[in-house]
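J.: Here's my sequence, what's the structure:
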Amino acid sequence: MSTQHDSASNLQLALLSIRGTLAPATLEAARALHNQTAGAPESVAAARSLGDMSHMVYVPTGQQGDAAGEFLILDIWKSMEGLNSFFANPHVQEQAGQIFTSRDPVVWVPADGFINYHFPVSGGQNERSIGVIRGPVHGRMAAQELHNALVTTHVATARLRGNLSHEAYFRLAAPDSPEALEFFAVDVWSSASGMQEHYSDPAFLQSYSGLFAAEPAASTWQRPTGEWVEW
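T.: Numbering: from 1, shown residues only. This next block holds a predicted model:
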């Protein structure tokens, strides 16, 4: 996944995360329902026409069997107006209610000044897993300094373990409100085992000391089995 800010064209990509609990009893039933609703050709065309550039789905790492549970959607939008228009549609809300029993949709915008990176993918590395972390920071400037230092320190080790990208965001603040201090980061990996090794490395964990104002929520995710409509 890629987010960029192009000053010439004033392109600002936003990330929509939707984490929740699936309503269908099985993952296969959820897959069929997702593909018939959010993944239907007319739904995909409508979302794309309003600025939805990417739609990816995930389940918790290590999930076995067909029992449904938690589910994560990550969409990248190039138009906030289009995003708001799309989700204001009662039909879209009805479809979301069919997929989830409960959900937490949040819009995130790139964290200015925070290091992001994307590495090329070597041949044969087709596995995809992601790690996300979310929590409040004390302030943006202090968080930026700590974040950039720890990323710089650990990027080479992360790359050796299969890390493909790192992206940092802050929650989109409501109009006329103070800047949001809720931080969100997404890492993409070509190796689930490498990802778990990195996130359990004491040296890496120690680097996060002081970044968050409260205990952050961290989780890892994988692509679900079967053919899910994504773009």
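J.: Report the central residue of this protein.
T.: The residue lying closest to the centre of the chain (Cα atoms, centre = their mean) is Leu74, at 4.7 Å.
J.: residues contacting it?
T.: With contacts defined as Cβ atoms under 8 Å, 6 or more residues apart in numbering, the neighbours of Leu74 are 1, 15-17, 54-56, 58, 130, 186. Quick note: C-beta positions are derived from backbone N, CA and C, even for glycine.
J.: Between the residues you listed, which sits nearest Glu197?
T.: Distance to Glu197 across the contacts of Leu74 (Cβ to Cβ) is lowest for Ile130, with 15.5 Å.
J.: How about the backbone phi and psi for Glu230?
T.: Dihedral pair for Glu230: phi -140, psi 170, per degrees, to the nearest 10.
J.: can you tell me how far it sits from Asp75?
T.: Taking Cβ to Cβ, to the nearest Å as the criterion, Glu230 is separated from Asp75 by 10 Å.
J.: Once you drop chain neighbours, what's closest to Val92?
T.: Leaving aside its chain neighbours, Val92 sits nearest to Phe86 (6.1 Å; criterion: Cβ to Cβ, 6 or more residues apart in numbering).
J.: err, Met80, not the other one
T.: In space, and not counting its chain neighbours, Met80 is closest to Ala14: 6.1 Å by Cβ to Cβ, 6+ apart.
J.: What distance do you get for that neighbour to His55?
T.: Counting by Cβ to Cβ, the gap from Ala14 to His55 is 14 Å.
J.: who's in contact with Asn116?
T.: If a contact means Cβ under 8 Å, 6+ apart, then Asn116 has 3, 110, 165-168 as its contacts.
J.: Likewise for Thr101?
T.: By Cβ under 8 Å, 6+ apart, the contact list for Thr101 reads 20-23.
J.: ok, Gln64 - how many residues close by?
T.: The tally of other residues near Gln64 (other Cβ atoms under 10 Å) stands at 5.
J.: residue boundaries of the strands in this protein?
T.: Per DSSP state E, the chain carries strands over the ranges 5-6, 11-12, 14-22, 52-60, 70-77, 100-110, 117-118, 129-136, 163-171, 182-189, 217-222.
J.: quick one: low-confidence parts of this protein?
T.: Scanning the chain for pLDDT under 70 picks out the ranges 1-9.
J.: top helix in it by residue count?
T.: Longest helix in the chain, counting residues (DSSP state H): helix 140-160.
J.: what does that helix contact?
T.: For helix 140-160, the surrounding residues in contact (Cβ under 8 Å, 6+ apart) are 111, 113-115, 117, 119, 137, 163, 166, 168, 170, 179, 181, 183, 187, 194, 198, 201, 203-204, 207-208, 210-211.
J.: Great, nothing more from me.
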